[in-house]
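# after the sequence you'll find the predicted model.
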Amino acid sequence: MPNRVAHFEIHCDNLERGTAFYRDVFGWDIQGWPMPDGSTYWMAMTAPKGSTEVGISGGFVKRPCPAPAEKQGLNAFCCTIVVDDFDAAMAKALEHGAIVAMPKFALTGMAWQGYFIDTEGNTVGLHQADANAK
C-alpha cells in the first residue's frame, strides 16, 4: 500500500530517560547513530532485523523547544511517510492547507526528507528514497 507511515520520532527533554523508558517498557533495540553535525540520533528498532512483524521503527530526538503545557495537546510523535515523489506529495499537502516546517533536504546517498505542519498543527515528515540524493 502506498503512503504508509514509515518512521516516527519521539521528542524528549532528557534523551537518556526517554530512551530508557521505551527500551524498558517495550523492549525496543535503541542504538546511537552519529550525525554529520557531531550529534547522535537515537534509532529505535521496534522489531528484529528481517522480522515480518507489521509496524514501524523510529527514533528519539532532543526536544528543540519547551513541551506544550499539560493538557494542551499532543507533545510530539512525528511520523514520516514514505512517498514516491517528494515534491508532488509536498505540493499536495500545501494545496490542502499545510505549511512547510522544514524544506526538502538530502539525506546523502539515501533519500530526500522534509516536514510540513498539517491543518491541525501536527508536524509530519515526508521521505522519498533516492540513492543519488545529495
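Arrived safely, thanks for sending. Just so you know, these numbers come straight off a predicted model, no measurement behind them. Numbers count the residues shown, from 1 in each chain.
# number of residues surrounding residue 29?
13 (other Cβ atoms under 10 Å). In short, each C-beta sits where N, CA and C put it, glycine included.
# roughly how far apart are the closest residue to it other than its chain neighbours and residue 51?
Spatial nearest neighbour of residue 29, chain neighbours left out: residue 45 (4.2 Å); criterion: Cβ to Cβ, 6 or more residues apart in numbering. To residue 51, residue 45 is 9 Å away according to Cβ to Cβ, to the nearest Å.
# residue 64 too?
According to Cβ to Cβ, residue 64 and residue 51 sit 32 Å apart.
# next one: residue 39
Distance, residue 39 to residue 51, using Cβ to Cβ: 28 Å.
# do the same with residue 35
Applying Cβ to Cβ, the value for residue 35 to residue 51 is 26 Å.
# how is this protein divided into domains?
1-76, 83-134 (automatic domain parsing).
# most neighbours per residue, which of the ones you listed?
Counting by mean count of other Cβ atoms under 10 Å, domain 83-134 has the highest mean neighbour count of those, with a mean of 15.
# and the domains of the chain, which one is worst for confidence?
Of all the domains of the chain, the minimum mean pLDDT falls on domain 1-76 (a mean of 80).
# chain center to the longest helix anywhere in the chain, what's the gap?
Criterion DSSP state H: the longest helix present in the chain is helix 15-26. How far helix 15-26 lies from its chain's middle: 17 Å, per Cα atoms, centre = their mean, to the nearest Å.
# outside of it, which residues touch it?
Residues external to helix 15-26 that are found in contact with it (Cβ atoms under 8 Å, 6 or more residues apart in numbering): 10, 12, 28, 29, 30, 42, 44, 46, 60, 61, 62.
# which residues does residue 30 bridge with?
Bridge pairing for residue 30 (DSSP bridges) gives the partners residue 44.
# was I right about it contacting residue 42?
Yes. Between residue 30 and residue 42 there is a contact under Cβ atoms under 8 Å: 5.7 Å.
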